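J.: Take a look and give me a structure for this.
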Amino acid sequence: MHHDLLSSLTRHETAVWRALQDGDSAADARLLAADFLGVYSDGFADRSDHIAQLAQGPSIAAFSLHDLQARPLGADHALLSYRARFRRIGRSADEEMYVSSVWERAGAGWVNLFSQDTPALSPTA
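T.: Numbering: from 1, shown residues only. Alright, predicted model coming up:
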């Protein structure tokens with residue numbers, strides 16, 4: 001069960017990153033709950049803020065997710081935590097951060113309720 005949870009959440013989280021890489025605001029919207037809250041180094045963001053970052057196209061050039069961990073938070077909620085390495089469009093250097101995302105079951109899939117990014121102190125190889 002725990003492996004299935006990790007696999008499913010990883011698939012959904014990867015789809016959010018892929019939407020950012022593809023500039024796919026419709027996919028981003030489908031993956032986020034209506035009352036989504038993001039907590040980032042520059043402040044809070046709601047669902048419309050998250051989608052708006054794609055108004056000019058893709059925001060991420062490349063990404064990889066590492067050290068993924070899933071924890072159930074009851075029957076219909078779960079926490080996914082991981083380390084992300086990524087490169088923003090127009091930048092030459094990779095960035096790294098730790099992410100925690102709370103997901104809620106929605107039909108056969110999941111929607112992202114909450115995400116918090118913590119910048120890593122220094123990138124690792």
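
J.: Outside of stretch 62-75 itself, list whatever touches it.
T.: 2, 5-6, 9-10, 13-14, 17, 20-21, 78-87, 94, 102, 105 (C-beta atoms under 8 Å, 6 or more residues apart in numbering). (Glycine included, C-beta is placed from N, CA and C.)

J.: let's see 7 Å
T.: Stretch 62-75 is contacted from outside by 2, 5-6, 9-10, 13-14, 17, 21, 78-87, 102, using C-beta atoms under 7 Å, 6 or more residues apart in numbering.

J.: Contact partners for residue 104?
T.: Residue 104 neighbours (C-beta under 7 Å, 6+ apart): 33, 76, 77, 110, 111, 113.

J.: can you check residue 109 too?
T.: Contacts of residue 109 (C-beta under 7 Å, 6+ apart): residue 12.

J.: This structure: helices as residue ranges?
T.: Listed in chain order, the helices of the chain (DSSP state H) span 2-22, 25-31, 47-52.

J.: pLDDT averaged over the first one - what is it?
T.: Think helix 2-22. Mean per-residue pLDDT for helix 2-22: 95.
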